[in-house]
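Student: here is a sequence with its predicted model. Questions after.
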Amino acid sequence: MSPKVAHHSLRLPADLPLDSGQTLPRPAVAFETVGELNADKSNAILICHALTGDQYVASQHPLTGKPGWWQRMVGPGKPIDPERHFIICSNVIGGCMGSEGPASPHPEDGKPWALRFPVITIADMVRAQAGLLDMLGVEKLLAVVGGSMGGMQAMQWAASYPHRLRSVLVIASAARHSAQNIAFHEVGRQAIMADPKWKNGAYGAGEGPAKGLAVARMAAHITYLSEAGLTAKFGRHLQQGDVKSFGFDADFQIESYLRHQGMSFVDRFDANAYLYITRALDYFDLAEGYSGQLAHAFKATSARFCVISFDSDWLYPTAESRRIVQALVAAGRHASFVELNSPFGHDAFLLETPGLTEVVDGFLKAVEQEP
Amino acid sequence: MSGLPIRLQQVADQIPTGASVLDVGCSDGRLLAWLRDMRQVDGRGIEIDAERVAAAVARGLSVVQGDATHDLAAFPGGSVDYAVLSETLQAMEAPHKVLAELVRIGRRAVVAFPNFGFWRVRAHLALHGRMPVTRSLPVSWYESENIHFCTIADFKALATEMGLTIEREAYLSGDQRVSSWPNLRADHALFVLSK
């Protein structure tokens, strides 16, 4: 991780109770907002970010200098529009972009929490977001929106705070982590923990397990793409025309690409945070708290739902979205669902996908027009 | 709001103001949008084609991508006033099962379909000995999505066999109402049914 930059954050007024039974003493929650809250406070949209995302959804990232990660969806004239909406995006607790996480100073000794940080869940992340909204004076959300892990938080919102939202938009997500999802995460975690620089989590700032974290990112990144997409972009193309090194350098373009993805990730992400957040994902099974009946998780809310999947996404495939939709229908909710066509796999939710902006725009406008 | 084509309008005319509706095979949500805007109907839809679903959702409708054979099961019994199946009965894998789902989910079902007993269809089959290609059935048999054609008499027999009550029936030939000899004279039929 690069040296610290200042993130905009608030410290919650009370300790945060966690699913594990532990409490997090007055955690910091880092966030960004765009647009203005209107007079009757009816235009707030919470965007929940994915595993390695952060609060810089629509503003320049202070570490990478890159533009916001969801510019296709958020911005003037876009479906989520600062001209109409008060847009909030917070870094999840357990993260490393200013919210309380394993790299934050422990309140007692000022040293990083490291593995002393309690294991958190998706519901814990959502509980912290609700605390942030209280501080921002937002009682009810026009929408809670998220892709991937963000979609899980959005569904958890509907279960945990059924009366605080008017609509829920879930993109490329699932109501539970599958064995395959957990398996890929375990590969990533083992890569981090096998790096001698991990030191049981007690590495110093800037001295973390870069190689292990890069490998974790490489493995995960494959799951965000599709075979067809990889073939179209890289095929079997070599880096140097038709020259093979007969060694283990990055001969193939796909190898070079993955190495680059791994190395650039290390510059912006904390290895321990990666362990904690992947754990939270693996523990996620929304139906678990409802005797295995997913529909019961959606019984208490009257929010409208829109669920979107992508046909080439094998990380959170359409079948998982269908399971969510069947539960919504069984619970009597107003629900929309569409599987969009894209060659880009799971990452399609971040990319230009025909139909995506139209569906999101139509859904949000319909919610806004409701009395 | 533009008007509906006559066959959809005939379906819309069965739905009272403020009712709740599930439109099975709702296409781009044309009927549901009209019912929402003109009759304050609380509508939901199910449609198999992704592009049509996207168009319906972009209109602000609650439409789920799915097929009637598998995805109706999740809807709770008696959850809407009217379950509508317009122009798609003949394309169903198992029309009788879909019909049973409609009267389970809706307190009433509205079913509209082309009548295969229409005299032009009969004449075409009788004179040419080949499957009819007409104005209302414009596609060759091997390309047609319509795999389970029936006549008005067939449909009534099925309704009776299933113990359903026919509350209303209405028939069209082109855009003209038909009252006598519908199984011969009408190319289109509409039934309102209940259990």
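Tutor: Noted; the coordinates are in hand.
Student: quick check: A:Val119 vs chain B, distance?
Tutor: From A:Val119 over to chain B the distance is 34 Å, taken as C-beta to the nearest C-beta, to the nearest Å. All C-beta atoms are positioned from the backbone trio N, CA, C, and that covers glycine.
Student: next one: A:Val329
Tutor: Distance from A:Val329 to chain B, by C-beta to the nearest C-beta: 4 Å.
Student: OK, contacts around that residue?
Tutor: Going by C-beta atoms under 8 Å, 6 or more residues apart in numbering or on different chains, A:Val329 touches A:335, B:64, B:74-75.
Student: got a list of what the residue of chain B found nearest chain A touches?
Tutor: Residue nearest to chain A within chain B (C-beta to the nearest C-beta): B:Gly60, separated by 2.7 Å. Neighbouring residues of B:Gly60 by C-beta under 8 Å, 6+ apart: A:362-363, A:365-366, A:369.
Student: which of those residues come close to chain B?
Tutor: A:362-363, A:365-366, A:369 (C-beta under 8 Å from any C-beta of the partner chain).
Student: so where's chain B shaky on pLDDT?
Tutor: B:1-2, B:135-136 (pLDDT under 70).
Student: ok, 90 please
Tutor: When residues are selected by pLDDT under 90, those of chain B lie in B:1-3, B:58, B:87-88, B:131-141, B:143-146, B:175.
Student: ok, the spatially most central residue of it - contacts?
Tutor: Nearest to the mean C-alpha position of chain B, counting by C-alpha atoms, centre = their mean, stands B:Ser86 at 1.9 Å. Counting by C-beta under 8 Å, 6+ apart, B:Ser86 touches B:7-8, B:11, B:23, B:25, B:31, B:110-112.
Student: for A:Gly355, state which of the contacts of B:Gly60 is nearest.
Tutor: Of all those, A:Gly355 sits closest to A:Gly362, with 10.2 Å by C-beta to C-beta.
Student: and chain A, what are its domains?
Tutor: A:9-177+A:288-369, A:181-277 (automatic domain parsing).
Student: who in chain B is up against chain A?
Tutor: Residues of chain B lying near chain A (C-beta under 8 Å from any C-beta): B:44, B:50-51, B:53-54, B:56-66, B:71, B:74-76, B:79.
Student: buried among these? Make that a PyMOL selection.
Tutor: Only the buried entries of the residues of chain B next to chain A go into this PyMOL selection, using 16 or more other C-beta atoms under 10 Å in any protein chain shown:
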select buried, chain B and resi 44+53+54+56+57+58+59+60+61+62+63+64+65+66+71+74+75+79
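Student: just the residues of chain B next to chain A: which are in strands?
Tutor: Here DSSP state E is the test, and these give B:44, B:62-65 as lying in strands.
Student: and for stretch A:338-358, what's in contact with it?
Tutor: A:69-70, A:72-73, A:78-79, A:147-148, A:171-172, A:223-226, A:228-229, A:232, A:307-316, A:318, A:321, A:359, B:50-51, B:53-54, B:57-58, B:63, B:65.
Student: got the CA positions of that stretch in PDB?
Tutor: The C-alpha trace of stretch A:338-358 is given here as PDB (Å, rounded to 0.1, in the frame of the first residue of the first chain):
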ATOM      1  CA  VAL A 338     -33.500  -9.500 -16.900                       C
ATOM      2  CA  GLU A 339     -30.500 -11.400 -18.100                       C
ATOM      3  CA  LEU A 340     -28.500  -9.200 -20.400                       C
ATOM      4  CA  ASN A 341     -26.200 -10.400 -23.100                       C
ATOM      5  CA  SER A 342     -22.600  -9.500 -22.700                       C
ATOM      6  CA  PRO A 343     -19.300 -11.200 -23.600                       C
ATOM      7  CA  PHE A 344     -17.500  -9.700 -20.600                       C
ATOM      8  CA  GLY A 345     -18.500 -12.100 -17.800                       C
ATOM      9  CA  HIS A 346     -18.900 -10.800 -14.300                       C
ATOM     10  CA  ASP A 347     -17.200  -7.500 -15.100                       C
ATOM     11  CA  ALA A 348     -20.100  -6.700 -17.500                       C
ATOM     12  CA  PHE A 349     -21.800  -4.700 -14.800                       C
ATOM     13  CA  LEU A 350     -18.900  -2.100 -14.900                       C
ATOM     14  CA  LEU A 351     -18.700  -2.000 -18.700                       C
ATOM     15  CA  GLU A 352     -20.700  -0.900 -21.600                       C
ATOM     16  CA  THR A 353     -23.500  -3.500 -21.800                       C
ATOM     17  CA  PRO A 354     -26.400  -2.900 -24.200                       C
ATOM     18  CA  GLY A 355     -29.700  -2.500 -22.200                       C
ATOM     19  CA  LEU A 356     -28.000  -1.900 -18.800                       C
ATOM     20  CA  THR A 357     -28.400   1.800 -18.500                       C
ATOM     21  CA  GLU A 358     -31.900   1.800 -20.100                       C
END
